[in-house]
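> Show me how the following folds:
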Amino acid sequence: MRILIILISCLLPFSVADDLTQISHNEIPNEDIVSDDESKWRLEAIHKMWEERRKMGHTPLVKFSPPGFPNTDIFFKNETVSATRTLKHRFAWALLLWAIVEGKVTSKTSAVYDATSGNMGSAEAYMCTLVGIPYFAVVSEECEQEKIDNIEKFGGKVIKVPTALRTTKSNEFAIENNGFYINQQKNAALAEEFHESGDFINYESSNVFHEILVQLKDNEKQTSKVPDFFVHPAGTGGTVSSVGRYVVKYGLPTKVVLADSQFSVYYDYVIGNKFTNQTGEKVWRAPGIAGTGYGYDIVPIQYGETTSLTKNVINEAMKMPDIATVAAMRILNEMGYNAGASTSLNFLVCLYKAYQTKQKSSNNEYQLTIATLAGDPGDFYHSTYLDDGWVDTHLNYVGGVTAMECWKKLIQESIDTGSNFYLNGLTMCS
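This is a model prediction of the structure:
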């Protein structure tokens, strides 16, 4: 028996030799992996993508100094001037570039699909159209018409599904139609390499915080060259995590603050690692703040699947009442900033960080610099957050227009005098 086992073990390598491509004196193994036509398409597509990066340039950095906080500068990185008018333009660029380089998207890809609240959809539609690939945005049935129009404007097609099924349906549609589900929630971290292009030749890094640092460095009037805080919410988690990784990797003193909406579960995920085994459906309240937060999906938070939010590069998290965010949106738009939902949430957290810092300073000799993003324009929300009737109908459970006007007054007072709008609002506007 032992002899038989030895014989079998000796003969086994020879039994599978036919599976190995052999080198012989008259045949050298040498075949193309990618066809000439596919190589040509990929090269042309990548050149188009880098030309788009060149056109992006640097979006403006706009300083706002609230009179009530004279030692505080809030810098809005205005991403609304991009071709698709949101911060998602640079993200979609990096994500599609990753997909092309990795061979996930080829000339034979029938279509690209993704679940989106709208802004990413328009940016992905733009990028896919640029390289000649059809694109389908899977959006909520309640998606703003302004966002749908923007997606279609840039060549995308829209599929409406219940909010909680966006991710599930996107994957199903891609499988059924032999397409590619690009999954911004899952693959944002993989696209990070393409944000960090290393400034090769003329190809500058597209990381948004890199640009902020370059712009502050070049601003001769600005004494503080590195922000004390960077504030941003998470939708997919890609942008705030990208900034967080950049800050940690280069050893910068900036603290990254996650701004979260009222009924989102991201705060509890970051602070207490909650909602990884249960969904947020029981605590989520629609409509939320568009493009931010998580809790609406039938799937729990799963890093690398339903979110790209990297907890370990976030320094702190802060929640804001949804109706207060709507009030801030009204104020910013009245001031001429054309601010959307995520921009207004960012602003509120920045304003409260200014208040906290002022309270901690005994001699008022501090200098505070906060960077954030103007991530979406108010133009996308005329039919929703900027419409009184819509606010009374969809946000009546938090007080509707009456509560909004109350918060609006207190936020304006804080801007003007440095008062505590948050505590006052919770006391007076609930």
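> From here on, just use CA atoms for contacts and neighbour counts.
Fine.
> For this protein, which element, helix or strand, carries the lowest mean pLDDT?
Averaged element by element with mean pLDDT, DSSP states H and E, the chain has its least confident helix or strand at helix 2-15 (a mean of 50).
> Would you mind measuring from E281 to G291?
As judged by Cα to Cα, to the nearest Å, E281 and G291 stand 17 Å apart.
> Kindly apply the preceding question to T80 instead.
Computed as Cα to Cα, the T80 to G291 distance reads 14 Å.
> More neighbours: these two, which one.
Taking neighbours as other Cα atoms under 10 Å, T80 and G291 compare with T80 leading, 23 against 20.
> ok, the more buried one touching D379?
No. Using Cα atoms under 8 Å, T80 is not in contact with D379, being 10.3 Å away.
> Would you agree P70 falls within a strand?
No. If the criterion is DSSP: H, G, I helix; E, B strand; the rest coil, then P70 is coil and not within a strand.
> could you list every residue that touches it?
Listed by Cα atoms under 8 Å, 6 or more residues apart in numbering, P70 has no contact partners.
> Check G57 too.
By Cα under 8 Å, 6+ apart, G57 lies in contact with nothing.
> Tell me how far stretch 411-427 lies from the chain's centre.
Centroid displacement of stretch 411-427 relative to its chain, using Cα atoms, centre = their mean, to the nearest Å, is 29 Å.
> How about stretch 360-371?
Its chain's C-alpha centre and that of stretch 360-371 lie 29 Å apart, by Cα atoms, centre = their mean.
> Show me what counts as buried in that stretch.
Residues of stretch 360-371 classed as buried: L368, T369, I370, A371 (neighbour count, 16 or more other Cα atoms under 10 Å).
> Which member of those is positioned nearest N346?
Taking Cα to Cα as the measure, A371 is the one of the buried residues of stretch 360-371 closest to N346, at 9.6 Å.
> Which strand or helix spans that closest one?
According to DSSP states H and E, A371 maps onto strand 368-374.
> buried residues in the next helix-or-strand element following that strand?
Scanning forward in sequence from strand 368-374 by DSSP H and E, the next helix or strand is helix 388-394. For helix 388-394, a neighbour-count test (16+ other Cα under 10 Å) marks W390, V391, D392, H394 as buried.
> low pLDDT regions in the stretch 51-200 of the chain?
Applying pLDDT under 70 to the stretch 51-200 of the chain picks out residues 192-200.
> That one: strands as residue ranges?
Shown for the stretch 51-200 of the chain, the strands assigned by DSSP state E, counting those that start in this stretch span residues 61-64, 72-78, 112-115, 135-140, 157-161, 180-181.
> just those strands: most buried one?
Stretch with highest mean neighbour count among those: strand 112-115 (a mean of 28; mean count of other Cα atoms under 10 Å).
> For that one, what is the distance to the chain centroid?
15 Å.
> same check, this time on stretch 161-169
Its chain's average C-alpha position is 18 Å from that of stretch 161-169, according to Cα atoms, centre = their mean.
> Could you do stretch 22-42 as well?
Here stretch 22-42 is found 40 Å from its chain centre; the criterion is Cα atoms, centre = their mean.
> Just the strands from the stretch 201-350 of the chain, written as ranges.
For the stretch 201-350 of the chain, applying DSSP E, counting those that start in this stretch gives strands covering 229-232, 255-261, 316-320.
> Not counting the second one itself, show me its contacts.
With Cα under 8 Å, 6+ apart as the contact definition, strand 255-261 has outside contacts at 228-234, 240, 243-244, 266-267, 288-289, 292-293, 313-322, 345-346, 349.
> hmm, 6 Å instead?
F229, F230, V231, H232, P233, I314, N315, E316, A317, M318, K319, M320 (Cα atoms under 6 Å, 6 or more residues apart in numbering).
> Of those residues, keep whichever come out buried.
Buried by 16+ other Cα under 10 Å: F229, F230, V231, H232, P233, I314, N315, A317, M318, K319, M320, out of the contacts of strand 255-261.
> confidence score at the fifth one?
Spelled out, that is P233. Note for P233: predicted pLDDT of 98.
> Likewise for the second one?
pLDDT, F230: 98.
> Bridged to it, which residues?
Using DSSP bridges, the bridge partners assigned to F230 are V256, A371.
> quick one: it from M318, how far?
Distance from F230 to M318, counting by Cα to Cα: 12 Å.
> can you check the first one too?
Going from F229 to M318 by Cα to Cα gives 13 Å.
> so what's in contact with the two at the same time?
Common neighbours of F229 and M318, using Cα under 6 Å, 6+ apart, do not exist here.
> In contact with D379, which residues are there?
Contacts for D379 (Cα under 6 Å, 6+ apart) come out as none.
> Which pLDDT value belongs to the closest residue to L332 other than its chain neighbours?
Take L332 and drop its neighbours on the chain: the residue closest to it by Cα to Cα, 6 or more residues apart in numbering is A339, 6.1 Å away. With respect to pLDDT, A339 has a value of 97.
> just Q359 next, same as before
In this model, Q359 is scored at 94, pLDDT.
> Assign it to helix, strand or coil.
Look at Q359: counting by three-state DSSP, its state is helix.
> what residues go with each domain of the chain?
Taking automatic domain parsing as the reference, the chain has its domains at 48-79+206-428, 90-187.
> which of those sits most buried?
Comparing the domains of the chain by mean neighbour count (mean count of other Cα under 10 Å), domain 90-187 comes out on top with a mean of 21.
> Next, the distance between the ends of it.
Separation of the first and last residues of domain 90-187 by Cα to Cα is 14 Å.
> Just give me how far that domain sits from the chain centre.
Offset of domain 90-187 from its chain centre (Cα atoms, centre = their mean): 14 Å.
> How about stretch 378-396?
Relative to the centre of its chain, stretch 378-396 is centred 23 Å away, using Cα atoms, centre = their mean.
> thinking again about what came up before, need the domains of the chain in JSON lines with distance to N26, can you?
Output for the domains of the chain, formatted as JSON lines (distance: least, Cα to Cα, whole Å):
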{"stretch": "domain 48-79+206-428", "distance to N26": "43"}
{"stretch": "domain 90-187", "distance to N26": "33"}
